[in-house]
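Colleague: predicted model and sequence below, questions to follow.
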Amino acid sequence: MPHSMTAYATRSGASQTHSWQWEMRGVNGRGLDIRLRLPDWIDGLEAEVRRALTAKLGRGNIQVSLKLQRVETGASQINEAAVAQILAALKAIEAMAASASVPLAPTKAADILSMRAVGEGDGDAGKADLVTALKEDIPELIAAFSAMRAEEGASLAQILGAQIDEIEELVHEAKALLPDRRAAQEATFRAALARVMAETPLDEAKFAQEIAQIAIKSDVTEEIDRLVTHIAAARALLSAKEPIGRKLDFLTQEFNREANTLCAKSADSALTKIGLALKIGIDRMREQVQNLE
């Protein structure tokens, strides 16, 4: 089943110290381009997110952001280890200032309490729990994102299936015109040759040879046969399990090549009209294919 490269997913959670909101969005891209906006103080989280995304996704421009907010509690928790480190640092600084005869303003308890590390409670233990919870969220976030990709891909598959049906119908119409087109070409050539050679005897052998050469140069049977083959290949790709975006994009280019040749060889208004309709239908199909992984 095809997957779209366009999708969006969010996931939220909370621990004893923080609440958070994940946001993940994707649009079409030639390769896999991952852009992350994560707090830089959470060690190892970026590498974990990149590893998980690379393992599950093949193409697309992916953006993942994480917003963290500290949980406000009624009673403030003091990190005693952080306070001890700060006091030791202050003592060393005051000693250095005194030896250099540099006066310092007295440090107040409120100044120390306002420092971020002091209010982080159990410090490393709380941070470790937060990191664990965030990493456990990553697979669920990607699963929700992939589910939306699959849902969008299913819708695209229906659209593409209908477009392939339209192209097939046009190819059948073109094929049905071929017998009358050959007869019309011969009649047109006979009339033109008669005007040019009005006073010259007609060499039937030479005439037959010229007709054969024109028929070879203007024959579109191979183009129609290749279009029929491409239609079957496109339908097979739509039912494939692996990513098909690149393959189907290449196939639409081949579709367009045959439609261009059909128009170039046409020399028939009805066939040219069908060829132009084919080009329009193929172009619409290719627009949809650009969104497939």
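Modeller: Arrived safely. Just so it is clear, the model here is predicted, and its values are computed rather than measured.

Colleague: ok, longest helix in the protein?
Modeller: Secondary structure of the chain per DSSP state H: the longest helix is helix 124-196.

Colleague: that one packs against which elements?
Modeller: Judged by 3 or more C-beta pairs under 8 Å, 6 or more residues apart in numbering; DSSP states H and E, helix 124-196 is in contact with strand 7-14, strand 18-27, helix 45-56, helix 204-218, helix 221-238, helix 245-265, helix 269-289. For glycine as for every other residue, the C-beta is placed from the backbone atoms N, C-alpha and C.

Colleague: for A105, which of those is the nearest?
Modeller: Across the helices and strands packed on helix 124-196, A105 has its closest neighbour in strand 18-27 (33.7 Å, C-beta to C-beta).

Colleague: off-centre distance for the closest one?
Modeller: Put simply, strand 18-27 sits 19 Å off its chain's centre (C-alpha atoms, centre = their mean, to the nearest Å).

Colleague: what's the angle from that strand to helix 45-56?
Modeller: Strand 18-27 and helix 45-56 meet at an angle of 40 degrees, taking axes from the mean of the first three to the mean of the last three C-alpha atoms, to 10 degrees as the criterion.

Colleague: can you name every helix or strand that the very next helix or strand once past strand 18-27 contacts?
Modeller: For strand 18-27, the succeeding helix or strand toward the C-terminus, using DSSP states H and E, is strand 32-37. When contacts are defined as 3+ C-beta pairs under 8 Å, 6+ apart, strand 32-37 packs onto helix 45-56, strand 60-70.

Colleague: looking at those, which is nearest to Q163?
Modeller: It's strand 60-70; of the helices and strands packed on strand 32-37, that one is closest to Q163 (C-beta to C-beta) at 22.2 Å.

Colleague: mind listing the strands that closest one pairs with, and their directions?
Modeller: Sheet pairing for strand 60-70, assigned by DSSP bridges, gives strand 18-27 (antiparallel), strand 32-37 (parallel).

Colleague: single out the most deeply packed of those.
Modeller: strand 18-27 (a mean of 18; mean count of other C-beta atoms under 10 Å).

Colleague: tell me where the protein is predicted with low confidence.
Modeller: In the predicted model of the chain, residues 72-79, 110-126, 182-208, 210-217 satisfy pLDDT under 70.

Colleague: ramachandran angles for the spatially most central residue of it?
Modeller: By C-alpha atoms, centre = their mean, the mean C-alpha position of the chain lies nearest to N28, the distance being 2.6 Å. Reported as degrees, to the nearest 10, the phi and psi values for N28 are phi -70, psi 150.
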